[in-house]
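Undergrad: Predicted structure and sequence below. I'll ask about it afterward.
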Amino acid sequence: MILKKMEILIEQIKEDGLVFKFDKSVETFPVLAEMVANGECEFAVPIRTALRALRIGDMVEIDGDIESSVYLPCNRCLQPFETPLKSHFEITYMRRAADAKEDSEPQEIELSTEDMGIVYFQGEKINLKDTIQEQVVMAFPLRALCKQDCKGLCPKCGADLNEDPCDCDRRSSPGKFAVLENLKLEK
Ligand SMILES: [Zn+2]
Ligand SMILES: [Zn+2]
């Protein structure tokens, strides 16, 4: 089943569960769109999501896979390179009583239940947009390297040492900050 909106109606989930997927452009997700606008990354393909929902009493268990691919600047040489983003997640959605007010739940409790993979929903549908967006953000590599042995930039002259080894004496490297200074001066 392909869903247009990133939400499911509880009544759509039959006894044997609901399997569904959607492809959404990056502009659909405000946080991702902002990352692109800030020049932090470029998405090579849309966000692809495949999910399965199971209903257990007043709870809905959703497990899903998210896939995309982004261009990121390498942490060492700053060259953009493409890297796949993949995430598998399982979240339990729990129905919050219809008469419970939004602010009746102390913030701390919200956070700790979220840590355990529990999210509350109200009414007859579950909106998955925030969850999907969060999973994409968490799938980003902590240290983006174009290749494991990227040689990076020369800390003295800023040359890309993968392509063009320079003649600088790098034994007493002034460190990363000098590179940043050089880059600023060149602009
Ligand atoms: Zn690199
Ligand atoms: Zn150099």
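TA: Thanks, I have the structure now. On a predicted model such as this, the values are computed, not experimentally measured, just so you know. Ligands and ions are numbered 1, 2, ... in the order given.

Undergrad: what's the burial count for Cys168?
TA: Applying other CB atoms under 10 Å, we find 14 residues neighbouring Cys168. Glycine gets a C-beta too; all of them are placed from N, C-alpha and C.

Undergrad: should've said Ala97
TA: With other CB under 10 Å as criterion, Ala97 counts 10.

Undergrad: May I ask which helix or strand encompasses it?
TA: Assigned by DSSP states H and E, Ala97 belongs to neither a helix nor a strand.

Undergrad: again with Val31
TA: Assigned by DSSP H and E, Val31 belongs to helix 30-37.

Undergrad: cool, Gln135 as well?
TA: helix 129-138.

Undergrad: Quick one: list the elements packing against that helix.
TA: Where contact means 3 or more CB pairs under 8 Å, 6 or more residues apart in numbering; DSSP states H and E, helix 129-138 is packed against helix 30-37, strand 47-56, strand 59-73, strand 80-95.

Undergrad: Which residues of the protein lie near ligand 2?
TA: 154, 156-157, 159, 166, 168 (CB under 5 Å from the ion).

Undergrad: Please report which of those has the highest neighbour count.
TA: Neighbour max across those (other CB under 10 Å) = Cys154, 20 neighbours.

Undergrad: centroid residue for the chain?
TA: Nearest residue to the geometric centre of the chain (CA atoms, centre = their mean): Val137, 1.7 Å.

Undergrad: Does it touch Val31 like I think?
TA: Yes. With contact defined as CB atoms under 8 Å, Val137 and Val31 form a contacting pair (6.3 Å).
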